[in-house]
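J.: here is my input; please provide its structure:
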Amino acid sequence: MTPGPTASVFLLATLDTKGREADFVRGVLTSLGVRVTLVDVGALGQPVVAADISRDQVFELAGTSLRAIQDVSDRGQAVTQAAEGAARLVRHRHDQGEVSGVLGLGGSAGTTIATAAMRALPLGVPKVMVSTLASGAVRQYVGDKDIFMLNAVTDIIGINRVSRVVLAQAARAMAGLVNYPAPAPGPGDRPLVAATMFGVTTPCVAHARTIVEAAGYEVLVFHATGNGGQAMESLIRDGLIAGVLDITTTELADEEVGGVLSAGPDRLTGAGSAGIPQVVSTGALDMVNFHGRQTVPATFANRLFYQHNANVTLMRTTSEESVRIGAGMARKLVAARGPVRVLLPARGVSAIDREGQAFDDPVARQALHDAIRSGAPDLNVQELDLHINDQRFAETAARALIDMMATASRDRAGLSAPLSSTPETPT
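T.: Predicted structure coming up:
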């Protein structure tokens, strides 16, 4: 939702430990003409400045109370509940048009809480997190959202020569984001199609993309590395995507078997819940991903591996694993509220799963495809005597999605057209 005229930046901090620092940031934002709503997400100490939204309100939104949290005196539980309450607060206020952006200050607890609130918001809402953890691994905080992580450099305690610079930078960055918002969608913007790709399915997706774009769509390609699949699912749920060309479902193998590129259990559910057309295939489901060879768990020692490079080790999925992956795909696809078409490449699902290549395994491939067919007998499932990277396979997938989206568009137009007892007279 577009922010209303009285919308403000929600500034989240634990005001017992970061109160003076939050007050400093609020002052800089106010001096730049930005409205601020200060939210206290602390629990165990006494706030040193007054909040616009109290910690009591935050915990009530999490289904508990500040007193209950303080009685338990469990820091971990306090952080978990504060994160839940902050996310619900910010999402609700955003839906009411009251949030122009979210800015957080914190160490590990404050970062966990504030970024949970940021991840509850759609793409495009300004999100800035000043964190003592920002120079390390931050995927668990950023997830699939457009969050700016700003390294605090020192701990966030006191206003000094370093913290003053960093905190003022955060405030100025947020002021710029809310005072100079992104341009609204233009009349020439084309409907968005999401596509999934891996290096071993690039020829297919690249060719399909040209066909879909020539039909009047804009294609967003997501690298199926876990975060890519999560980002795609998130954009689908935000209502930004018209159709999905889910050629490369490899992240499902990592989720099932235990690789490092899982997109989580909700992968392959967004399009179905949104009711939008999706064409799905089994791209790169022949592999599970690990980092360097030494990182592969010992339980997989006797498996078939392919060393893509020094930092990427691929493990061939077995027939048993393929059956479980295919059955899981079928369960998700039969629950879809929108049109689904499944295309199965009989001659291989990746560049290294074809005759003469390292992962060529017709038995495992057939087990995967049979599991999908048996688990989804009523879906439109078609096996093609092609490799996934054959041009004809790409063309079939692209044209199937184009046709499905055109049908869905006509259906929507028919539903929205006014009813009339007499036909219109042509002009």
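
J.: scan the protein for its longest strand.
T.: Ranked by residue count under DSSP state E, the longest strand found in the chain is strand 99-106.

J.: quick one: the helices in this protein?
T.: 19-31, 55-61, 66-72, 75-95, 108-119, 139-142, 161-179, 202-214, 227-237, 251-257, 270-274, 319-334, 362-375, 391-416 (DSSP state H).

J.: can I see the domain layout of this structure?
T.: Using automatic domain parsing, the domain parsing of the chain gives 8-179, 192-413.

J.: can you lay out the ones you listed as a markdown table showing mean pLDDT, distance to Gly186 and mean neighbour count?
T.: Yep, even glycine has a C-beta here, placed from its N, CA and C like the rest. Output for the domains of the chain, formatted as a markdown table (pLDDT from 0 to 100; distance: least, Cβ to Cβ, whole Å; neighbours: other Cβ atoms under 10 Å):
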| stretch | mean pLDDT | distance to Gly186 | mean neighbour count |
| --- | --- | --- | --- |
| domain 8-179 | 95 | 15 | 19 |
| domain 192-413 | 96 | 12 | 20 |
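
J.: so for Met1, which of those domains sits nearest?
T.: Met1 sits nearest to domain 8-179 of all the domains of the chain, at 5.1 Å, using Cβ to Cβ.

J.: quick revisit: helices and strands around the longest strand of the chain, which ones?
T.: Strand 99-106 sits against strand 8-13, helix 19-31, helix 75-95, helix 108-119, strand 127-131, helix 161-179, with contacts defined as 3 or more Cβ pairs under 8 Å, 6 or more residues apart in numbering; DSSP states H and E.

J.: of those, which approaches Thr202 most closely?
T.: Closest among these, once you apply Cβ to Cβ, is helix 108-119, at 29.7 Å.

J.: packing partners of that closest one?
T.: For helix 108-119, the packing partners by 3+ Cβ pairs under 8 Å, 6+ apart are strand 8-13, helix 75-95, strand 99-106, strand 127-131, helix 139-142.

J.: reformat those as a markdown table; add distance to Val257.
T.: What follows is the helices and strands packed on helix 108-119, written out as a markdown table (distance: least, Cβ to Cβ, whole Å):
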| stretch | distance to Val257 |
| --- | --- |
| strand 8-13 | 38 |
| helix 75-95 | 29 |
| strand 99-106 | 35 |
| strand 127-131 | 33 |
| helix 139-142 | 20 |
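
J.: out of these, flag the one nearest Phe305.
T.: Distance to Phe305, taken as Cβ to Cβ, is lowest for helix 139-142 among the helices and strands packed on helix 108-119, at 25.0 Å.

J.: re earlier: and Ala413, which of the helices and strands packed on helix 108-119 is closest to it?
T.: Ranking the helices and strands packed on helix 108-119 by proximity to Ala413 (Cβ to Cβ) places helix 75-95 first, at 27.6 Å.

J.: the closest one vs helix 108-119, what angle?
T.: Put simply, helix 75-95 runs at 30 degrees to helix 108-119, going by axes from the mean of the first three to the mean of the last three Cα atoms, to 10 degrees.

J.: who touches helix 75-95?
T.: For helix 75-95, the surrounding residues in contact (Cβ atoms under 8 Å, 6 or more residues apart in numbering) are 1, 10, 12, 39, 41-44, 53, 55, 57-64, 69, 99, 102, 109, 112-114, 116-122, 125.

J.: quick one: closest of the helices and strands packed on helix 108-119 to Ile276.
T.: Smallest distance to Ile276 across these (Cβ to Cβ): 21.5 Å, for helix 75-95.

J.: how far does the closest one sit from its chain's centre?
T.: 19 Å (Cα atoms, centre = their mean, to the nearest Å).

J.: output that helix as CSV, restricted to C-alpha atoms.
T.: The C-alpha trace of helix 75-95 is given here as CSV (Å, rounded to 0.1, in the frame of the first residue of the first chain):
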residue,chain,number,x,y,z
ARG,A,75,16.2,-13.5,26.9
GLY,A,76,15.7,-16.0,24.1
GLN,A,77,11.9,-16.1,24.5
ALA,A,78,11.8,-12.3,24.9
VAL,A,79,13.6,-11.9,21.5
THR,A,80,11.4,-14.4,19.7
GLN,A,81,8.1,-12.9,21.0
ALA,A,82,9.3,-9.3,20.4
ALA,A,83,10.2,-10.3,16.8
GLU,A,84,6.7,-11.8,16.3
GLY,A,85,5.0,-8.7,17.8
ALA,A,86,7.1,-6.3,15.8
ALA,A,87,6.4,-8.1,12.5
ARG,A,88,2.7,-8.0,13.2
LEU,A,89,2.7,-4.4,14.2
VAL,A,90,4.7,-3.2,11.2
ARG,A,91,2.7,-5.3,8.7
HIS,A,92,-0.6,-4.1,10.1
ARG,A,93,0.4,-0.4,10.1
HIS,A,94,1.8,-0.7,6.6
ASP,A,95,-1.5,-2.1,5.4
